[in-house]
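1. one predicted model, sequence on top.
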Amino acid sequence: MSFGPTGIYWGETQIIAYYGIILMAGAIAAAFFSDYRARKRGLDSEIVWDALIWVLIGGIVGARLWHVFSPPPSMIEQGKTTFFYLTHPFDLLNLRNGGLGIPGAVIGGLLALYFYTRRKKISFGLWVDIATPTLALGQVIGRWGNFVNQELYGAPTNLPWAITIDQFHRLPQYADQATYHPLFLYESLWNLLNMVFLLWVERRFAGRLKTGDLFLIYLIGYPLGRFFLEFLRLDASQIGGINFNQAFMVVLIVFASAWLYWRHRPHPAALERKEESAQ
């Protein structure tokens, strides 16, 4: 048994990937945080651990499908297209080298949680709000898996905090560039700020928030940072010449903002009472 740069090997075969360990660490940290938040509300925290396997499976399936249906240009150049994955099931299931999309993970995990709460006859919105800040925490930790795989880096730079990417992991057109923006780090820090912001909002507006609002705020905060970080991404998924992830972030921001406004729009009766009191 030996320890390599990306995992633990038995002879020439990788048996454990650091990428997977880091993702699991993020999930477990999120679960412990959710456990704490549930007990603080006087809820049965065992629900967190019971739901965890559902959410993990849903998140992994969703994340992989996101990658399969929106592969980056570098993968397409290697022949790893959507059609290739759908006709090569073993490659589709091989997660050891990455190939997971955060938007798909969130969608898959959300759907899994929805079906779990329906099955248990408990409030979906309540448990989504409990999980929302912990989701951001999981992303803070999970993004470091990209550092291990040297797969999420930005444009070349000579800034003091630039990271060195091995020749093997560089895109062909940047083969002569050694140092790059640590895009994974930027996103990890953004998720940390997002988590802190969500916890502040939850406490500051405790009397005004409706069930599910916290998740809608997450759907504004995370996509906002991701939208701008995508400008640094060298290998962004393209559909019709448009950065697919960036466009999707815009859709999420508009959708969540509109929904949040609609939920808190002033009702005509309240407006009338306000006008009468002002007279």
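-> Nice, thanks for sending it over.

2. which element follows the strand or helix carrying residue 30 toward the C-terminus?
-> Remark: residue 30 resides in helix 18-40, with elements defined by DSSP states H and E. Note on helix 18-40: by DSSP H and E, the next helix or strand toward the C-terminus is helix 46-69.

3. and that next one, what's its mean pLDDT?
-> Averaging pLDDT along helix 46-69 gives 94.

4. what's the angle between that helix and helix 18-40?
-> 140 degrees (axes from the mean of the first three to the mean of the last three C-alpha atoms, to 10 degrees).

5. following element in sequence after helix 46-69, please.
-> helix 73-77.

6. residues making contact with that following helix?
-> When contacts are defined by C-beta atoms under 8 Å, 6 or more residues apart in numbering, helix 73-77 is touched by residues 81, 99, 171, 235, 236, 237, 238. C-beta: built from backbone N, CA, C; applies to glycine.

7. before we move on, back to that, which of the residues in the helix holding residue 30 are buried?
-> 18-19, 22-23, 26-27, 29-31, 33-35, 37-38 (16 or more other C-beta atoms under 10 Å).

8. redo those as TSV? Include distance to residue 10 and pLDDT.
-> Formatted as TSV, those follow (distance: C-beta to C-beta, whole Å; pLDDT from 0 to 100):
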residue	distance to residue 10	pLDDT
18	15	85
19	17	85
22	20	92
23	21	91
26	25	95
27	25	95
29	28	97
30	30	97
31	29	97
33	34	97
34	35	97
35	35	97
37	40	97
38	39	96
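
9. any idea how far residue 114 is from residue 258?
-> As judged by C-beta to C-beta, to the nearest Å, residue 258 and residue 114 stand 21 Å apart.

10. chain center to the helix holding residue 30: distance?
-> On the basis of C-alpha atoms, centre = their mean, to the nearest Å, helix 18-40 sits 14 Å off its chain's mean C-alpha point.
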